[in-house]
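Undergrad: Sequence and predicted structure, then a few things I'm wondering about:
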There are 2 protein chains.
Amino acid sequence: MTSSNFTEQLAQAVKETERIVCSYLPEEKGFQKTIFESMNYSVKAGGKRIRPLFMREVYRLFGGNGAEIEPFMAAIEMIHTSSLVHDDLPCMDNDELRRGRPTTWKTYGEDMAVLAGDALMVYAFETAAKAFQMGADAARAGRAIGLLAEKTGIYGMIGGQTVDVELTGKPVPREQLSFIYRLKTSALLEAAMMIGALLGGADERQMAAVEQMAADVGMAFQIQDDILDVTSTQETLGKPVLSDEKNEKTTYVTLEGLEKARETVREVSRRALSTLKTLPGEHTFLEELIRLLAGRDR
Amino acid sequence: MTSSNFTEQLAQAVKETERIVCSYLPEEKGFQKTIFESMNYSVKAGGKRIRPLFMREVYRLFGGNGAEIEPFMAAIEMIHTSSLVHDDLPCMDNDELRRGRPTTWKTYGEDMAVLAGDALMVYAFETAAKAFQMGADAARAGRAIGLLAEKTGIYGMIGGQTVDVELTGKPVPREQLSFIYRLKTSALLEAAMMIGALLGGADERQMAAVEQMAADVGMAFQIQDDILDVTSTQETLGKPVLSDEKNEKTTYVTLEGLEKARETVREVSRRALSTLKTLPGEHTFLEELIRLLAGRDR
């Protein structure tokens, strides 16, 4: 059960994360005002902020306490948002509603939404590079930027999106579905937690454990997403339900059924929790967070 | 006049640049094969490769002779190509032909073209980050990545594209047109030459001179583009002419007339050549290159 203490802690942590992410957004002035507005519109639409949240918590687990983590927290949220803006485009998922509001292309037009997604992606790297002027160890910050790009790109999130798009409407073997989930959803969580660990001072063995834990959290998160798409309501989710059916997408639920899906969420979450136990630091908050995500209803 | 010696040198330099850029492209295998193919299709479609070419020449001007420049050369060409792939989309310029071949979206579909542009953009940063493992000074490589992002993003190329898209079909004051050209076209050339200078070991005064020179080269390049759009043929250019008229775009030519445009190309190119004279190293190749671009017919 979630303790009321944790609920307060989480609300506070999300609030701080929001503040940090938003402090790196561009000021809405100058000839390019519209692109600044569309970027900020998308980022400020809300969301769980779990990537920057996990990043900071893992950073702290390893004793990190500097400001160098902040540009990376903002960067990973910008990357996540960039992917949503492009995902919603008419030529992709053609979604008009996200987090209870019109999607970026519905508000700013398709051309501006393409540019807003591009802008958020590049600004993420511009923001992350600010760590070099914030006293971060240059070699470590360099590796963190490399990790961020690797887990975002063709061997990470974008690679997963590609296979996902290609296989829409087609039967998807189990092996490929795992591949898609690992890349599309886990990769950014892996980047978040690994960057936190790296900048916090983790060694290579710990980095590998963190990567595995993040992969499991991502898998649980994605399967829970599939479950909610068939069991929740638009009011609760803030976006249309049954979208996978509409888009003819094979999901873990269509492939294995609802019961097996629920069991798998519990199983991979348990594995993530065991991995967490092998890491240093105070685990309680992360433990409760992983449990909460596995049982979330939106 | 262009000497035959220079022509040979240029052909050789373009060939080497192509080889370097292509050596960083992904192998076309695995579940994500299609995204790899669409990226490589776009980059291998050809082009003048002037950004990586200028980068390497400026690097050499300052005595640079390592391999650390190579990932940045590949990165800047990927970024340039990414912008072309998204520019050609139906919701942007809606172009079906580029360099004599069907555009990426015509060949791979709109969804894959959105992802291919995203993939090239992120892979550019993943590639640039390889410099950290190639013996580059970490602080310098960090600043180079920051520069690359800054000149690509909302205060650079993407910022310029945004204003360009917004003002299409509307009257554009002279001040805003200069702003668009500086960002849309000059910014990436500035990144190219400044990264070359930085990694080559330029001091701050020299960095500022290189930035100014690149801004002028970019301005000449863009105005020459406007000129060719009304004076050349599709056969010579490898893309449709009169596209600015079709897209109702204000250009330097529509604003100032053909004669003034030609004069300005000569004037800013001359200024770039004067700035070049203040820099160290052997200038002949760069001088001839700047002259060639000012007088190019495609």
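TA: Ah, there it is. Numbering: from 1, shown residues only, chains lettered A, B, ... in the order given.
Undergrad: Tell me how far A:Leu198 lies from chain B.
TA: 13 Å (C-beta to the nearest C-beta, to the nearest Å). (C-beta placed from N, C-alpha, C; glycine too.)
Undergrad: wait, A:Val265
TA: With C-beta to the nearest C-beta as the criterion, A:Val265 and chain B are 24 Å apart.
Undergrad: pretty sure that residue is touching A:Asp225, no?
TA: No - using C-beta atoms under 8 Å, A:Val265 is not in contact with A:Asp225, being 10.1 Å away.
Undergrad: which one of these two has more residues nearby?
TA: A:Val265 (23 against 18; other C-beta atoms under 10 Å in any protein chain shown).
Undergrad: quick check, that one in a strand?
TA: No - judged by DSSP: H, G, I helix; E, B strand; the rest coil, A:Val265 forms no part of a strand; its state is helix.
Undergrad: Low-confidence ranges, the stretch 51-200 of chain A, go.
TA: By pLDDT under 70, the stretch 51-200 of chain A has no low-scoring segment.
Undergrad: just the strands in it please.
TA: A:97-98, A:101-102 (DSSP state E, counting those that start in this stretch).
Undergrad: give the contact list for the residue nearest to A:Gly47 when sequence neighbours are not counted.
TA: Closest residue in space to A:Gly47, ignoring its immediate chain neighbours: A:Arg99 at 6.5 Å, by C-beta to C-beta, 6 or more residues apart in numbering or on different chains. Residues in contact with A:Arg99, defined by C-beta atoms under 8 Å, 6 or more residues apart in numbering or on different chains, are A:45-47, A:238-239.
Undergrad: who in the stretch 151-298 of chain A is up against chain B?
TA: The stretch 151-298 of chain A has residues A:152-155, A:158-159, A:161-163, A:165-166, A:176, A:179 near chain B, with proximity defined as C-beta under 8 Å from any C-beta of the partner chain.
Undergrad: what about A:Ser4, how many neighbours?
TA: A:Ser4: 8 neighbours (other C-beta under 10 Å).
Undergrad: now the residue most central in space within chain A: how far from B:Val43?
TA: Chain A has A:Arg51 as the residue nearest its centroid, 4.6 Å off, counting by C-alpha atoms, centre = their mean. To B:Val43, A:Arg51 is 30 Å away according to C-beta to C-beta, to the nearest Å.
Undergrad: same question, A:Gly146
TA: Relative to B:Val43, and taking C-beta to C-beta, A:Gly146 is found at 21 Å.
Undergrad: Between the two, tell me which one has more neighbours.
TA: Neighbours were counted for A:Gly146 and for B:Val43 using other C-beta under 10 Å; B:Val43 has more, 25 against 20.
Undergrad: ok, the closest residue to that one other than its chain neighbours - contacts?
TA: Spatial nearest neighbour of B:Val43, chain neighbours left out: B:Thr81 (5.0 Å); criterion: C-beta to C-beta, 6+ apart. For B:Thr81, the contacting residues are B:42-43, B:47, B:120, by C-beta under 8 Å, 6+ apart.
Undergrad: most neighbours per residue, which of the strands of the stretch 51-200 of chain A?
TA: Most buried of the strands of the stretch 51-200 of chain A, by mean neighbour count (mean count of other C-beta atoms under 10 Å in any protein chain shown): strand A:97-98, with a mean of 18.
Undergrad: neighbouring strands for it, and are they parallel or not?
TA: strand A:101-102 (antiparallel) (DSSP bridges).
Undergrad: Closest to A:Phe125 out of the contacts of B:Thr81?
TA: Ranked by distance to A:Phe125 (C-beta to C-beta), those are led by B:Leu120 at 13.5 Å.
Undergrad: Next up, the contacts around the closest one.
TA: Counting by C-beta under 8 Å, 6+ apart, the residues that B:Leu120 touches are B:39, B:42-43, B:78-79, B:81-82, B:85.
Undergrad: Repeat the analysis, applying 6 Å as the threshold.
TA: Contact analysis of B:Leu120 by C-beta atoms under 6 Å, 6 or more residues apart in numbering or on different chains lists B:39, B:78, B:81-82.
Undergrad: what would those look like in JSON lines with distance to B:Tyr108?
TA: Below are those laid out as JSON lines (distance: C-beta to C-beta, whole Å):
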{"residue": "B:Met39", "distance to B:Tyr108": "10"}
{"residue": "B:Met78", "distance to B:Tyr108": "17"}
{"residue": "B:Thr81", "distance to B:Tyr108": "14"}
{"residue": "B:Ser82", "distance to B:Tyr108": "14"}
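Undergrad: so how far is A:Ala209 from the closest residue to A:Val210 other than its chain neighbours?
TA: Nearest non-adjacent residue to A:Val210, counting by C-beta to C-beta, 6+ apart: A:Ala197, 4.4 Å away. A:Ala197 sits 9 Å away from A:Ala209 when distances are taken as C-beta to C-beta.
Undergrad: Those two - which one has more neighbours?
TA: Under the neighbour definition other C-beta under 10 Å, A:Ala197 and A:Ala209 were set side by side, and A:Ala197 has more, 26 against 18.
Undergrad: Wait, that one touches A:Val58, no?
TA: Yes - applying C-beta atoms under 6 Å, one finds A:Ala197 in contact with A:Val58, separated by 5.3 Å.
Undergrad: Quick check: A:Leu115 vs chain B, distance?
TA: 5 Å.
Undergrad: State the number of residues packed around that residue.
TA: 30.
Undergrad: With A:Gly200 instead?
TA: 23.
Undergrad: Could you find the closest non-adjacent residue to A:Glu96?
TA: Using C-beta to C-beta, 6+ apart, the nearest residue to A:Glu96 is A:Lys106, at 5.1 Å.
Undergrad: Is there a neighbour count for the one you found? I'd like the number.
TA: A:Lys106: 16 surrounding residues under other C-beta under 10 Å.
Undergrad: how much space between the closest residue to A:Thr231 other than its chain neighbours and chain B?
TA: Excluding its sequence neighbours, the residue lying closest to A:Thr231 (C-beta to C-beta, 6+ apart) is A:Leu258, at 7.5 Å. Relative to chain B, A:Leu258 is positioned 26 Å away (C-beta to the nearest C-beta).
Undergrad: That'll do, ta.
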